[in-house]
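Undergrad: model the structure of this input:
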Amino acid sequence: MKAVLAHAVRDAERLVRGGCDAIVVENMHDAPYLKGRVAAETVASMAIAVHELARLDVPIGLQILAGANRQALGVAVAAGAHFLRCEAFAYGHVADEGWMDACAGPLLRARAELGADDVAILADVQKKHASHAATADLSLGELARGHAFCGADGLVVTGVATGRPTSPADVAEARQAGLPVWVGSGVDEVSAGALARIADGLIVGSFLKEQGDWRRPVDPERVAAIRRAIDR
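TA: As a prediction, this is how the structure comes out:
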């Protein structure tokens with residue numbers, strides 16, 4: 001755990017120094033992921049990591065893969081996180097872990113019971129690494145409106161996989177729901193400026209790592225490049 005925390009702190013400090021406005025903590029290296037529920041030690045480890053990074057004095061979000069949104073809410077309340085990134089918030093779909101059920105009803109009730117309405121929920125619409133054949137008769141705009149109806153605070157739109165580009169047209173369509181929209185994958189120094197004009201936030205992972213590989217440490221030069229692109 002000491003090595004994990006040291007890695008997390010180093011990456012987070014580089015992100016903040018480079019100009020990131022917030023940090024998202026994920027158990028990305030737990031692949032292949034469990035579905036919906038994770039081991040107790042994973043929840044405990046995430047809580048420790050989030051609490052450690054909260055000292056950086058920027059908003060902290062988290063996601064526990066895969067679809068462990070209720071556990072993530074518990075971590076947020078215990079460790080002081082400000083928002084969750086939630087997959088399978090509304091509408092079921094088939095992901096690489098199997099069928100994912102929607103969780104908006106129980107998750108929002110749990111948030112109310114915990115008095116944690118200040119923990120915002122950013123919900124993925126047509127989540128990456130998944131098949132959405134079951135909802136193929138609904139446009140992305142309709143799905144976005146459905147997520148808004150179910151109580152999401154914001155929406156995340158992505159490409160089809162980690163590091164794959166997000167379509168600006170998809171961002172524009174998701175905005176029809178009237179909620180803030182974040183881009184969730186494929187942001188690089190070329191696309192960042194254009195996407196920043198139409199989205200409320202950019203969640204950047206792979207590009208900020210050495211050689212653009214999400215498995216590697218954060219590269220401060222790549223962080224600065226994204227910041228410059230957004231500022232321009």
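
Undergrad: okay, and the helix or strand of this structure with the least pLDDT?
TA: When each helix and strand of the chain is scored by mean pLDDT, DSSP states H and E, strand 130-131 comes last, with a mean of 84.

Undergrad: for that strand, packing partners?
TA: With contacts defined as 3 or more Cβ pairs under 8 Å, 6 or more residues apart in numbering; DSSP states H and E, the packing partners of strand 130-131 are strand 93-95. Placement of C-beta: from N, CA and C, glycine included.

Undergrad: check the offset of the following helix or strand past the least confident helix or strand of the chain from the chain's centre.
TA: Remark: after strand 130-131, the chain's next helix or strand is helix 140-149, criterion DSSP states H and E. Mean C-alpha position of helix 140-149 versus that of the full chain (Cα atoms, centre = their mean, to the nearest Å) differs by 18 Å.

Undergrad: packing partners for helix 140-149?
TA: With contacts defined as 3+ Cβ pairs under 8 Å, 6+ apart, helix 140-149 has these neighbours: strand 120-125, strand 154-157, helix 168-174.

Undergrad: mean neighbour count added to the ones you listed, as TSV?
TA: Converted to TSV, the helices and strands packed on helix 140-149 look like this (neighbours: other Cβ atoms under 10 Å):
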stretch	mean neighbour count
strand 120-125	25
strand 154-157	26
helix 168-174	18
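
Undergrad: just so I know, which of these lies nearest Ala81?
TA: Closest to Ala81 of those, according to Cβ to Cβ: strand 120-125, at 9.8 Å.

Undergrad: still on that earlier bit, out of the helices and strands packed on helix 140-149, flag the one nearest Pro106.
TA: strand 120-125 (12.6 Å).

Undergrad: next, report how far the least confident helix or strand of the chain is displaced from the centre of its chain.
TA: In terms of Cα atoms, centre = their mean, the centre of strand 130-131 is set 17 Å apart from its chain centre.

Undergrad: can I get the helices and strands packed on helix 140-149 in TSV with mean pLDDT and distance to Phe83?
TA: Listed next are the helices and strands packed on helix 140-149 as TSV, based on pLDDT from 0 to 100; distance: least, Cβ to Cβ, whole Å:
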stretch	mean pLDDT	distance to Phe83
strand 120-125	97	4
strand 154-157	97	8
helix 168-174	95	17
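
Undergrad: how about exporting the top helix by length along the chain as PDB, limited to the C-alpha atoms?
TA: In the chain, with assignment by DSSP state H, the single longest helix is helix 2-18. The C-alpha trace of helix 2-18 is given here as PDB (Å, rounded to 0.1, in the frame of the first residue of the first chain):
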ATOM      1  CA  LYS A   2       2.900   2.400   0.600                       C
ATOM      2  CA  ALA A   3       4.000   1.900  -3.000                       C
ATOM      3  CA  VAL A   4       0.500   2.500  -4.300                       C
ATOM      4  CA  LEU A   5       0.100   5.700  -2.300                       C
ATOM      5  CA  ALA A   6       3.500   7.000  -3.300                       C
ATOM      6  CA  HIS A   7       2.600   6.400  -6.900                       C
ATOM      7  CA  ALA A   8      -0.800   8.100  -6.500                       C
ATOM      8  CA  VAL A   9       0.700  11.100  -4.700                       C
ATOM      9  CA  ARG A  10       3.400  11.600  -7.300                       C
ATOM     10  CA  ASP A  11       1.000  11.500 -10.200                       C
ATOM     11  CA  ALA A  12      -1.500  13.800  -8.500                       C
ATOM     12  CA  GLU A  13       1.100  16.400  -7.600                       C
ATOM     13  CA  ARG A  14       2.300  16.400 -11.200                       C
ATOM     14  CA  LEU A  15      -1.200  16.900 -12.400                       C
ATOM     15  CA  VAL A  16      -2.000  19.800 -10.100                       C
ATOM     16  CA  ARG A  17       1.300  21.500 -10.800                       C
ATOM     17  CA  GLY A  18       0.700  21.200 -14.500                       C
END
